[in-house]
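A.B. asks: Quick check, what structure comes out for this input:
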Amino acid sequence: MSQELDLRDYFQIVRKRSWLIVLIVVLVCLLAGVYSAFIKKPVYEASTKIVVNQKSTQSDANQLDLNQINTNIQLINTYKEIIKTPAILDRVVTNYPELKLSAEQLSEMVNVSSVNQTQVMTVQVQDTSYVRAAEIANAISDVFQKEIPTIFNVQNVSILNKASIEPLTRPEPVAPNIPLNMAIGFIIALMIGVGLSILLEYLDDTIKTEEDVKQILDMPTLAMIIKVGQEEKKTETPRSQASTIPKRGEKNHGTISK
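C.D. replies: As a prediction, this is how the structure comes out:
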């Protein structure tokens with residue numbers, strides 16, 4: 001269609017091809033659900049918490065130094081980056097060969113975060129096995145506790161809690177998130193379906209209705225040729241045959257006889 005479409009035309013196009021949109025949405029949502037539930041391997045997460053303080057002098061050991069606390073808080077971002085460097089991860093690979101992981105692989109699996117205005121860091125590790133994720137998180141925390149005093153002037157490094165190797169309850173996977181994946185699939189499929197419907201309607205330059213004639217040619221409709229179905233042809237055949245049979249005394253000019 002060559003003419004410009006307004007908002008009402010778009011609603012009519014969507015309504016006209018609603019079956020196509022629904023079909024695409026249903027298929028994409030089913031594929032997303034099947035992939036998330038049966039094909040994608042579940043991913044589990046284990047975490048540890050670490051608190052780091054700089055070395056205090058003897059004069060202020062018995063008093064609370066707010067400046068020292070603020071300095072420690074500002075250094076948390078530095079510690080978060082140090083954990084993911086080869087200085088720590090290479091040592092983890094050396095001390096824990098049973099993990100069978102390289103420093104690059106560990107760096108992709110670990111994530112370090114912190115709560116604003118606190119000195120507590122959370123080391124999170126994701127893996128397809130919860131036990132393995134817990135072992136990696138504990139190994140990184142232990143190595144960080146031992147190695148950070150040689151990198152910074154800090155000696156008060158405490159592990160607040162380690163990841164439980166054998167949790168009391170069965171851990172729930174953090175990925176894949178089936179409802180989220182299906183919701184994303186629904187939105188993407190809806191956009192694809194609507195876009196495809198508008199594209200097909202835009203490429204369709206045939207004239208089907210009286211409204212199309214008025215819009216495209218700007219001319220009134222004088223007559224219409226109706227398409228006759230098979231059932232209507234069967235019912236009209238005897239009449240057409242009867243009209244061709246000549247009456248008595250009349251010549252049949254529509255036939256040729258030898």
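
A.B. asks: what helix or strand is residue 180 on?
C.D. replies: Taking DSSP states H and E as the criterion, residue 180 maps to helix 178-203.

A.B. asks: List the buried residues of that helix.
C.D. replies: 181-182, 185, 189-190, 193-194, 197-198, 201 (16 or more other CB atoms under 10 Å). The C-beta positions use only the backbone N, C-alpha and C, and glycine is treated the same way.

A.B. asks: give me phi/psi at residue 128?
C.D. replies: phi -70, psi -10 (degrees, to the nearest 10).

A.B. asks: Could you find the closest non-adjacent residue to it?
C.D. replies: Nearest residue to residue 128 in three dimensions, chain neighbours excluded: residue 41, at 5.0 Å (CB to CB, 6 or more residues apart in numbering).

A.B. asks: burial measure for the one you found, as a count.
C.D. replies: 9 (other CB atoms under 10 Å).

A.B. asks: Please report how far it lies from residue 177.
C.D. replies: 14 Å (CB to CB, to the nearest Å).

A.B. asks: now residue 223
C.D. replies: The gap separating residue 223 from residue 177 is 60 Å, by CB to CB.

A.B. asks: And these two? Which one has more around it.
C.D. replies: Neighbour count, other CB under 10 Å: between residue 223 and residue 177, residue 177 has more, with 12 against 5.

A.B. asks: Contact partners for that one?
C.D. replies: Residue 177 sits next to residue 36 when contact means CB atoms under 8 Å, 6 or more residues apart in numbering.

A.B. asks: Can you name every helix or strand that whichever strand in the chain runs longest contacts?
C.D. replies: Counting by DSSP state E, the longest strand found in the chain is strand 44-54. When contacts are defined as 3 or more CB pairs under 8 Å, 6 or more residues apart in numbering; DSSP states H and E, strand 44-54 sits against helix 66-83, strand 120-127, helix 130-151, strand 154-161.

A.B. asks: what's the longest one in contact with?
C.D. replies: Applying CB under 8 Å, 6+ apart, the external contacts of helix 130-151 come out as 44-48, 50, 52, 79, 82-83, 87-89, 91-92, 95-96, 99, 101, 106, 109-110, 123-127, 154-155, 157-159, 162-167, 171.

A.B. asks: May I see the buried residues of it?
C.D. replies: 130-144, 147-148.

A.B. asks: pLDDT of stretch 27-45, averaged?
C.D. replies: The average pLDDT for stretch 27-45 rounds to 91.

A.B. asks: end to end, how far does that stretch reach?
C.D. replies: Using CA to CA, to the nearest Å, one end of stretch 27-45 lies 31 Å from the other.

A.B. asks: That one: which residues count as buried?
C.D. replies: In stretch 27-45, counting by 16+ other CB under 10 Å, buried: 28-29, 32, 36, 43-45.

A.B. asks: Likewise for stretch 91-107?
C.D. replies: For stretch 91-107, by 16+ other CB under 10 Å, it's 91-93, 96, 101, 103, 106-107.

A.B. asks: which ones are touching residue 95?
C.D. replies: So residue 95 contacts 139, 143 (CB under 8 Å, 6+ apart).

A.B. asks: Next one: it from residue 152, what distance?
C.D. replies: Applying CB to CB to residue 95 and residue 152 gives a distance of 20 Å.

A.B. asks: how deep is residue 162 tucked in, by neighbour count?
C.D. replies: Neighbours of residue 162 under the rule other CB under 10 Å: 16.

A.B. asks: Verify the stated contact: it with residue 46.
C.D. replies: No. Counting by CB atoms under 8 Å, residue 46 is not a contact partner of residue 162; they are 9.2 Å apart.

A.B. asks: quick one: contacts for residue 224?
C.D. replies: Contacts of residue 224 by CB under 8 Å, 6+ apart are residue 210.

A.B. asks: cutoff 10 Å now
C.D. replies: Applying CB atoms under 10 Å, 6 or more residues apart in numbering to residue 224 gives the contacts 209-210, 213.
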